[in-house]
Structures are given as C-alpha cells and as structure tokens.
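Engineer: Using only what follows, build the 3D model:
(one chain, ligands or ions: 1)
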Amino acid sequence: MNVTVKVCGVTRIEDARGVWAAGADAMGLNFHPGSPRFVDVDTAAALSRTRPPLGAVVGVFVNAKPEDIRLRVRECGLTAVQLHGDEPPEACSGYGVPVIKALRVRGPEDVARARAYVGVGDVSGLLLDGAAPGYGGGGVTFDWSLVARLADCGAPVLVAGGLKPSNVAEAVKATRPYGVDVASGVESAPGIKDLDAVRAFVRTVRTLNLWVEGPP
Ligand SMILES: O=C(O)c1ccccc1N[C@@H]1O[C@H](COP(=O)(O)O)[C@@H](O)[C@H]1O
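Structural biologist: Next comes the predicted model:
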C-alpha cells in the first residue's frame, strides 16, 4: 500500500517548495474565486513551475466554464483537474488531463451518487470531502466508514475533509484510500501553509504506509 498525498490550496512559492521538499506527491492550486486559497493565472503558473519531474499539479475548480478550465490547464501546466462543484458526469471530460471528481459527503446517498462518475469521460478518481458550508476547504470530516461502500467501484478514491497531522493516520487506517488530500489542516492561516504541519502530515502517511504493509 502506498497512499498518495496531495497538499491543496498552495498560494506562495516558498510554500510550494516546502510541500515538495516534504515529499508530497501532488500540489493543488485553487481556481475557485470564492476560496481564500484562490490563485490568479500568473501566480498559478509560477507555482506550477516548482513541480518536480514526477510531481502532479492539480487545478481545483468549482462549476467553472469548460473553456476556462481548458485554458488554465494549458497556461498553468496542470497535470490533472479536480472538479469540486456540482458538475454532472458529462462535464467530466474534455480537458486533456485526468479528472478527479470531488463529492461532499453528508450521508450514504452522496457515496452512492459518486458511482455515477466511475468510468465516465476522463474521470480517473473520486475524492470524498466533508460537507462544510461552501464548496470545500472547510476542515470538516465525514463518516469514514462510508468509504468502504466504494471498495468495489473500480476507481481510486481519495479521502479529504478535515484531515490534519493528528487524524490522518486514523483516516487512512479506516478507509485504506488511494490518496489523502489536505488544505486547511496544514495551515497557519487560510492559504498560508504551516510547513511543520505539512512535514508532519506527509511523514505520518509515509510511516503508516510501512505500518500497513508490515515487514516483508
Ligand atoms: O480549499 C478550498 O478553499 C476549497 C474551495 C473550494 C473547493 C475545494 C477546496 N478545497 C478542497 O477541499 C477539500 C477539503 O479541504 P480541507 O482539508 O478540509 O480544508 C480538499 O480536497 C481541498 O482540495
């Protein structure tokens, strides 16, 4: 087992460098104007240029126009897009990069809804988030036991929502996800990453990977 780590909502070059140095697999850049982690195109492009050769840069969008998403993919060198709004399955392709469809989980019905996106268009993974007010980044967890309902769905599942260094181990043990994603749980203020917390978060997941596998 090797749980992928995405650190989302990076807004500063020094934070981007710190996120990669901590060993994160992916960095998220937020293009939702309503987010305190919003980045403009020029900032996003500069942040994206910090990407190491095998790192992923994921653009986070909420109900954005497809043509705007395509433009950001090209301008900012995005390697994947995370659709975090009310996008229907038919809006999940045509960007030239893999799509992660995010769903906010209030209960079993939302997890059931996630299945409608599996195998559709360019959807290559699902992301389950807590249901804080707004569209994401709210620091709210959900009932992790619901993730098991997607075990046979055939798509990689990322767990997000209210994760932080102190609860990510419990989340991984409970859900055995493809990956975990964190925004507010590793910040000193919205959009400002606390690099000690980022390092602790990544280190915890990496240590857990060994623990879950056990000795050869
Ligand atoms: O971070 C935001 O501000 C945000 C805004 C709109 C959509 C998604 C957003 N972030 C995503 O939200 C989840 C959970 O974040 P948190 O760790 O609970 O703060 C995560 O997937 C972010 O990518």
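Engineer: Every contact and neighbour count from this point should use C-alpha atoms.
Structural biologist: OK.
Engineer: Hmm, A16 and T50 touching each other?
Structural biologist: Yes. The pair formed by T50 and A16 meets the contact definition of CA atoms under 8 Å, at 6.8 Å.
Engineer: So for the two, which residue has more residues nearby?
Structural biologist: Using other CA atoms under 10 Å as the criterion, T50 and A16 rank with A16 on top: 27 against 16.
Engineer: Let me know the pLDDT of T175.
Structural biologist: T175 is assigned a predicted lDDT (pLDDT) of 96.
Engineer: Quick check: L128 is in a strand.
Structural biologist: Yes. The assignment for L128 is a strand, going by DSSP: H, G, I helix; E, B strand; the rest coil.
Engineer: got a list of what it touches?
Structural biologist: Contact analysis of L128 by CA atoms under 8 Å, 6 or more residues apart in numbering lists A102, L103, R104, V105, V157, L158, V159, A160, G161.
Engineer: Now do the strands in this structure.
Structural biologist: Under the criterion DSSP state E, the chain carries strands at the ranges 4-8, 26-30, 56-61, 80-83, 99-104, 123-129, 157-159, 179-182, 187-189, 192-193.
Engineer: which bits of the chain sit near the ligand?
Structural biologist: Within the chain, the positions near the ligand by CA under 6 Å from any ligand atom are 8-9, 32, 35-37, 84, 129, 135-140, 160-163, 181-185.
Engineer: So how do I select the buried members of these in ChimeraX?
Structural biologist: Entered in ChimeraX, the line below selects the buried ones among the residues of the chain next to the ligand, by 16 or more other CA atoms under 10 Å:
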select :8,9,32,35,37,84,129,135,136,137,138,139,140,160,161,162,163,181,182,183,184,185
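Engineer: List the buried residues in stretch 144-156.
Structural biologist: Residues W144, L146, V147, L150, A155, P156 are the ones in stretch 144-156 that count as buried (16+ other CA under 10 Å).
Engineer: got it, and stretch 32-45?
Structural biologist: For stretch 32-45, by 16+ other CA under 10 Å, it's H32, S35, R37, F38, V39, A44, A45.
Engineer: mind giving me JSON lines with the strands of the chain and columns for mean pLDDT and distance to E90?
Structural biologist: Converted to JSON lines, those look like this (pLDDT from 0 to 100; distance: least, CA to CA, whole Å):
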{"stretch": "strand 4-8", "mean pLDDT": "98", "distance to E90": "25"}
{"stretch": "strand 26-30", "mean pLDDT": "98", "distance to E90": "22"}
{"stretch": "strand 56-61", "mean pLDDT": "98", "distance to E90": "15"}
{"stretch": "strand 80-83", "mean pLDDT": "98", "distance to E90": "12"}
{"stretch": "strand 99-104", "mean pLDDT": "97", "distance to E90": "11"}
{"stretch": "strand 123-129", "mean pLDDT": "97", "distance to E90": "10"}
{"stretch": "strand 157-159", "mean pLDDT": "98", "distance to E90": "20"}
{"stretch": "strand 179-182", "mean pLDDT": "98", "distance to E90": "24"}
{"stretch": "strand 187-189", "mean pLDDT": "97", "distance to E90": "34"}
{"stretch": "strand 192-193", "mean pLDDT": "98", "distance to E90": "34"}
